[in-house]
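Visitor: I'd like to go over a predicted model; first the sequence, then the structure.
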Amino acid sequence: MKHEKIIDELFRKMFRDENMTNEEYDKFLNETFIKSGLTKQGMSDDLETGVKNGHSIETQMRIIAKIFNIDKS
C-alpha cells in the first residue's frame, strides 16, 4: 500500500494516547476501522486520487490536520 506510513502517522497523532499500550492502540484502531467502514487501502487510494488531481500529500495532510486540530509536532 503506497501511503500506509503516512496513514499510520496520521492515526497515531489523532488517536494514540501516551498511556495506551501497543496492544490497546492496535485493538482501538481495528475497532475504529471496523465501525467506520474505512480501510487503510481505501484511504491510501483516496490520497493517491488527490495527488493525481494536483494535491500533494503534504497539502492533504495539512488540511486533515487543520480539520481535526492535530498538533503536527
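Guide: Good, I have the coordinates.

Visitor: dump the residue contacts of M14.
Guide: Shown in contact with M14 (Cβ atoms under 8 Å, 6 or more residues apart in numbering): F68, I70. For the C-beta atoms, the positions are set from N, CA and C on the backbone; glycine is no exception.

Visitor: Also the one 3 residues further on?
Guide: Under the criterion of Cβ under 8 Å, 6+ apart, the contact partners of D17 comprise Y25.

Visitor: Could you find the closest non-adjacent residue to M20?
Guide: Among residues not flanking M20 along the chain, F28 sits closest, at 7.2 Å (Cβ to Cβ, 6 or more residues apart in numbering).

Visitor: how near is the one you found to I34?
Guide: As for F28, its distance to I34 is 11 Å (criterion: Cβ to Cβ, to the nearest Å).

Visitor: Counting neighbours, go ahead and name the busier of those two.
Guide: When neighbours are counted by other Cβ atoms under 10 Å, F28 and I34 differ, and F28 comes out ahead with 15 against 10.
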